[in-house]
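# Let's see this in three dimensions:
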Amino acid sequence: MESSPEPVVVAWKYATQGCMKQFDLPPVWTLVFAVLAWVQPFRLDLAMLKPLALVFWLAAAFLFLAASMEFLRSKTSIIPRQTPSAMINGGIFRISRNPIYLADVLILAGVTFWTGSIIGFGLVPVLVWVLTQRFIVGEEAALRETFAEEFDEYSKNVRRWL
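The predicted model follows:
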């Protein structure tokens, strides 16, 4: 007799392949993780680190705007999982292959420092892992398939994150 799939597995498939697929975007993951960090009750008194949170948020805004300008300049989509029409390797992309994802991580780190969220410190590396597995790996495969040697050379010279 064949057993039915676990309810969690069914829910995960529904969320990632069904009607929730349009919400499977990096800013949504960042928002969910930031809300979790913000609302959890376990906090450290990190008032002295609030200025660092502001620095992270400003850096995130800079990274997002600089990367967005490169996407506009290259006339390619900024939306994840779409086939790239151009290889972007100039501007902020000379420093990081994924400046927008880096901005997402900085936003969460800023929330963590601002709130003193103990759970937030654990969520930062989890967000890095989620963004890498759900978005970056596939995007890099598409870039490698579309731009072959150009992407390989770029990825040798520019790190994935920093």
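
# Compute the number of surrounding residues for residue 101.
Neighbour count of residue 101, defined by other Cβ atoms under 10 Å: 26. Every residue, glycine included, has its C-beta placed from N, CA and C.

# Apart from its neighbours in sequence, what residue is nearest it?
residue 131 (4.7 Å; Cβ to Cβ, 6 or more residues apart in numbering).

# Same check on residue 121?
Using Cβ to Cβ, 6+ apart, the closest residue to residue 121 is residue 112 (5.8 Å).

# so which strand or helix has that neighbour?
Assigned by DSSP states H and E, residue 112 belongs to helix 99-115.

# quick one: buried residues of whichever helix or strand comes after that helix?
Sequence-wise, the next helix or strand downstream of helix 99-115 (DSSP H and E) is helix 118-131. Judged by neighbour count (16 or more other Cβ atoms under 10 Å), helix 118-131 contains these buried residues: 119-120, 123-124, 127-128, 130-131.

# Next, give me the two most distant ones among the residues you listed.
The span of the buried residues of helix 118-131, defined through Cβ to Cβ, is set by 119 and 131 at 18.1 Å.

# show me the contacts for the residue nearest to the spatial centre of the chain.
Compute the mean C-alpha point of the chain, and by Cα atoms, centre = their mean the closest residue is residue 101, 3.3 Å away. Counting by Cβ atoms under 8 Å, 6 or more residues apart in numbering, residue 101 makes contact with 26, 131, 135-136, 161.

# Please pick the buried ones from the residues you listed.
26, 131, 135-136.

# What helices and strands are in contact with the lengthiest helix in the chain?
When the chain is parsed with DSSP state H, its longest helix is helix 50-74. Under the contact definition 3 or more Cβ pairs under 8 Å, 6 or more residues apart in numbering; DSSP states H and E, helix 50-74 sits against helix 99-115.

# got the CA coordinates for the helix it packs on in CSV?
The C-alpha trace of helix 99-115 is given here as CSV (Å, rounded to 0.1, in the frame of the first residue of the first chain):
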residue,chain,number,x,y,z
PRO,A,99,24.7,42.9,-5.3
ILE,A,100,20.9,42.9,-4.9
TYR,A,101,21.0,39.6,-3.0
LEU,A,102,23.8,41.1,-0.9
ALA,A,103,21.5,44.1,-0.2
ASP,A,104,18.8,41.7,0.9
VAL,A,105,21.2,40.1,3.4
LEU,A,106,22.3,43.6,4.6
ILE,A,107,18.7,44.5,5.2
LEU,A,108,18.1,41.5,7.4
ALA,A,109,21.4,42.1,9.2
GLY,A,110,20.3,45.7,9.8
VAL,A,111,17.0,44.5,11.3
THR,A,112,18.9,42.1,13.5
PHE,A,113,21.3,44.8,14.8
TRP,A,114,18.5,47.3,15.2
THR,A,115,16.3,44.9,17.2
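
# Lovely, talk soon.
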